[in-house]
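J.: predicted structure and sequence below. I'll ask about it afterward.
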Amino acid sequence: AQTVTQSQPEMSVQEAETVTLSCTYDTSESDYYLFWYKQPPSRQMILVIRQEAYKQQNATENRFSVNFQKAAKSFSLKISDSQLGDAAMYFCAYRAFSSGSARQLTFGSGTQLTVLP
Amino acid sequence: DTGVSQNPRHKITKRGQNVTFRCDPISEHNRLYWYRQTLGQGPEFLTYFQNEAQLEKSRLLSDRFSAERPKGSFSTLEIQRTEQGDSAMYLCASSLGAGTSYNEQFFGPGTRLTVL
């Protein structure tokens, strides 16, 4: 079974600074997707960034980028120029790629990010 | 708003009562997922539909839980004889999909269940 581990329950960052959230995962699959989701307080979960395991290039979406280390099974999220609106719970998630697997997401336990003005 | 909607947003019930939640996915999405999220944890998968067929059920989905998606449109999740341990946020998500292709799952706002 796949597992996703987020070892930082809480993180804080000063506005305009950079912060990195950590995630490790365990799988026996060779092809899969990894995601970072953002869940603001009392609001619905939204996708921040996605990485396909077969791609060596790290994904980037504006101020958000990932450091994907497949051999180490590590997938960290870097948020540059942090903004007050980035404050939220961030979840790392995994989805298998193979046709025999279900399509559900496996989530980590989350990292609560506070952005300090 | 054409996103995923869930009703009710909050439900308070007494232990032993039955509750039913509804999820309306994005209209063209053929895949629908239910997840459960307890306080301070990430969502956990419960069940998955492709169109009207329920293709996957988690071991978390005990016999007291049943989900349907008639006609492949909205879905309902019913919990019978609720227990205090059922208190959680129940999230619905939907996506397009065929085969192994990736399609983003869009989440609804969730239904928060409190069992007294």
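T.: Here it is on my side, so go on.
J.: tally of neighbours for residue A:2?
T.: By other C-beta atoms under 10 Å in any protein chain shown, 15 other residues sit near residue A:2. All C-beta spots, glycine's among them, are computed from the backbone N, C-alpha and C.
J.: who's in contact with it?
T.: A:25-27, A:29, A:32, A:94, A:96, A:106 (C-beta atoms under 8 Å, 6 or more residues apart in numbering or on different chains).
J.: if we use 6 Å, what do you get?
T.: For residue A:2, the contacting residues are A:27, A:94, A:106, by C-beta atoms under 6 Å, 6 or more residues apart in numbering or on different chains.
J.: out of those, who's nearest chain B?
T.: Nearest to chain B among the contacts of residue A:2 is residue A:106, at 7.1 Å by C-beta to the nearest C-beta.
J.: which residues touch the closest one?
T.: A:2, A:4, A:94.
J.: repeat for residue A:92
T.: Shown here is residue A:92, whose contacts under the criterion C-beta under 6 Å, 6+ apart are A:4, A:6, A:23, A:36, A:108.
J.: for the residue nearest in space to the middle of chain A, report the pLDDT, please.
T.: Closest residue to the average C-alpha location of chain A: residue A:36 at 2.9 Å, with C-alpha atoms, centre = their mean. With respect to pLDDT, residue A:36 scores 97.
J.: and which of the contacts of residue A:106 is nearest to residue B:66?
T.: Closest approach to residue B:66 among the contacts of residue A:106 (C-beta to C-beta): residue A:2, at 26.0 Å.
J.: which ones among the contacts of residue A:92 also lie next to chain B?
T.: Filtering those for neighbours of chain B using C-beta under 6 Å from any C-beta of the partner chain leaves residue A:108.
J.: thanks again, I'm all set now.
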